[in-house]
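J.: No sequence on hand, only this structure:
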Ligand code: SAM
């Protein structure tokens with residue numbers, strides 16, 4: 001979502017006639033897009049502002065510095081008083097107001113543009129998209145969940161779904177310019193409800209999946225409690241749906257889930273996994289986990305490890321709990337020591353890495369389709385792509401290999417984090 005917001009900000013600057021500079025330090029206008037989901041991300045902003053201050057003292061640039069994104073929304077005007085280098089602060093609900101903010105700066109003002117106006121703009125034609133074959137499309141802004149650890153409802157506002165027709169038009173335009181994979185984004189994407197027709201996520205996926213030229217449609221992030229009614233079966237039946245589903249479970253302990261305000265139990269999560277696998281046996285699940293949430297005992301944490309071992313996720317993003325401003329959990333008793341949280345995170349990653357290695361090794365000898373992204377490292381003869389289940393696939397380059405190519409790859413080896421293969425047969429390579 002932050003990547004897409006940066007593309008939206010860049011698109012507005014380009015519309016104003018600005019073009020990319022070599023670096024922020026040599027730019028007339030430098031925007032920092034920020035994340036505040038964990039404290040570490042928010043702290044990075046301060047060190048980056050320090051670097052820009054030094055650059056300006058040395059060479060006079062960047063001339064204008066704007067702070068955008070979730071830290072802007074969270075700290076607003078106080079950032080202007082704390083950081084004299086800042087010309088303006090602009091929240092994620094105000095991207096359309098960037099020209100007005102720059103105009104105010106031109107008039108010598110320093111402005112705080114935050115909040116979520118009812119008529120918030122989302123000008124999809126202004127997004128400065130990458131040339132790549134993978135594209136992101138926001139379908140739900142904001143979040144209504146109020147998980148007790150999470151800052152997102154405060155920084156991205158109330159949940160608002162975009163109209164299905166506008167999304168389909170945007171995806172058609174992306175496919176026409178070469179997009180092969182589109183990922184539909186929302187904090188709780190499976191709460192999608194078209195404001196015009198009441199259409200839900202399965203309807204949206206069916207409509208987007210029918211767009212000519214796409215290879216795969218993905219969506220993220222799903223909340224376990226929103227796969228209601230027949231949605232699992234309907235989603236699983238969408239023909240071009242990628243077989244990768246990201247469904248955070250956060251904790252395997254019911255006591256912790258309750259304090260997190262997650263509205264499902266571990267049993268319900270496991271039941272959801274069974275339903276998904278029954279409807280789509282090849283599905284690869286990925287998840288987010290928080291360790292060291294206030295009050296998490298060793299027993300609670302073991303319940304998390306147990307759930308990871310039972311589900312066998314293809315990918316897992318693990319985080320040590322980080323207290324965030326305005327969130328209820330930041331005031332909870334029972335802080336878990338940092339060292340304990342780090343040690344739990346390491347144990348979690350060790351269990352997950354072993355599972356991933358086994359799952360990846362089981363694919364040796366298989367043929368998979370992969371969408372090629374580019375050299376694995378700059379100048380490397382090994383190129384990297386991803387399969388429809390989001391697994392990284394490494395292949396030796398061949399004559400004519402290019403970004404956005406769909407390749408058929410025979411898997412010859414595997415690590416915990418990648419499949420290693422070889423493209424098979426010229427004829428098998430779809431353009
Ligand atoms: N809306 C999604 C959800 O609720 O599942 C994702 C929200 S967040 C942008 C991505 C992940 O960051 C979360 O799933 C959670 O695991 C992690 N996260 C959020 N707040 C956190 C916090 N205060 N400390 C540590 N991790 C956090």
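T.: In hand now; what should we look at? Not measured: the values here are computed from a predicted model.
J.: so residue 241 makes contact with residue 215?
T.: No - in this structure, residue 241 is not within contact of residue 215 by Cβ atoms under 8 Å, at 11.1 Å. In this view, the C-beta of every residue, glycine as well, is placed from N, C-alpha and C.
J.: List the contacts of residue 283.
T.: 236, 243-245, 276-277, 389 (Cβ atoms under 8 Å, 6 or more residues apart in numbering).
J.: And it, how close does it get to residue 341?
T.: 30 Å (Cβ to Cβ, to the nearest Å).
J.: how much distance is there from the helix or strand harbouring residue 58 to the middle of the chain?
T.: Using DSSP states H and E, residue 58 maps to helix 39-59. On the basis of Cα atoms, centre = their mean, to the nearest Å, helix 39-59 sits 24 Å off its chain's mean C-alpha point.
J.: Then stretch 410-421?
T.: The answer for stretch 410-421 is 24 Å, by Cα atoms, centre = their mean.
J.: Check stretch 208-222 too.
T.: The answer for stretch 208-222 is 16 Å, by Cα atoms, centre = their mean.
J.: And the ligand, is that stretch touching that?
T.: Yes - counting by Cβ under 6 Å from any ligand atom, the ligand is contacted by stretch 208-222 at residue 221.
J.: Which residues does the longest helix along the chain contact?
T.: Secondary structure of the chain per DSSP state H: the longest helix is helix 338-361. Residues from elsewhere that reach helix 338-361, judged by Cβ under 8 Å, 6+ apart: 289, 291-292, 296, 301, 304-305, 308-309, 312-316, 318-321, 391, 414-419.
J.: repeat that for 7 Å
T.: Contact with helix 338-361 is made by 289, 291-292, 301, 304-305, 308-309, 312-314, 316, 318, 320-321, 391, 414-416, 419, as judged by Cβ atoms under 7 Å, 6 or more residues apart in numbering.
J.: Tell me the buried residues in the next helix or strand after that helix?
T.: As assigned by DSSP H and E, the chain's next helix or strand after helix 338-361 is strand 367-375. By neighbour count on 16 or more other Cβ atoms under 10 Å, the buried set for strand 367-375 is 368-373.
J.: would you list the contacts of residue 283 in JSON lines and tack on pLDDT, secondary structure and distance to the ligand?
T.: Listed next are the contacts of residue 283 as JSON lines, based on pLDDT from 0 to 100; DSSP: H, G, I helix; E, B strand; the rest coil; distance: Cβ to the nearest ligand atom, whole Å:
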{"residue": "236", "pLDDT": "95", "secondary structure": "helix", "distance to the ligand": "20"}
{"residue": "243", "pLDDT": "93", "secondary structure": "coil", "distance to the ligand": "20"}
{"residue": "244", "pLDDT": "95", "secondary structure": "strand", "distance to the ligand": "16"}
{"residue": "245", "pLDDT": "97", "secondary structure": "strand", "distance to the ligand": "12"}
{"residue": "276", "pLDDT": "96", "secondary structure": "helix", "distance to the ligand": "16"}
{"residue": "277", "pLDDT": "96", "secondary structure": "helix", "distance to the ligand": "20"}
{"residue": "389", "pLDDT": "94", "secondary structure": "coil", "distance to the ligand": "20"}
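J.: Out of the residues you listed, who's the most crowded?
T.: residue 245 (27 neighbours; other Cβ atoms under 10 Å).
J.: That one bridge partners, please.
T.: residue 285 (DSSP bridges).
J.: My guess is it contacts residue 285. True?
T.: Yes - contact criterion Cβ atoms under 7 Å: residue 245 and residue 285 qualify, at 5.6 Å.
J.: Which stretches in the stretch 1-150 of the chain count as strands?
T.: With strands called from DSSP state E, counting those that start in this stretch, the stretch 1-150 of the chain shows them at 29-34, 64-69, 88-90, 111-113, 134-138, 140-141.
J.: got those strands as TSV, with mean neighbour count, distance to the ligand and mean pLDDT columns?
T.: Shown next, in TSV, are those (neighbours: other Cβ atoms under 10 Å; distance: least, Cβ to the nearest ligand atom, whole Å; pLDDT from 0 to 100):
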stretch	mean neighbour count	distance to the ligand	mean pLDDT
strand 29-34	22	13	96
strand 64-69	24	12	97
strand 88-90	26	19	97
strand 111-113	21	22	97
strand 134-138	21	13	97
strand 140-141	22	10	95
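J.: out of these, which comes closest to residue 334?
T.: With respect to residue 334, and counting by Cβ to Cβ, the nearest of the strands of the stretch 1-150 of the chain is strand 29-34 at 29.4 Å.
J.: Show me what that closest one is in contact with.
T.: Outside strand 29-34, the residues touching it (Cβ under 7 Å, 6+ apart) are 2, 5-6, 9, 13, 18, 24, 42, 45, 48, 52, 62-72.
J.: What of stretch 107-127?
T.: 7-8, 11-12, 15, 72-73, 76-77, 80, 87-91, 93-94, 96-97, 101, 104, 138, 157-158, 162, 170.
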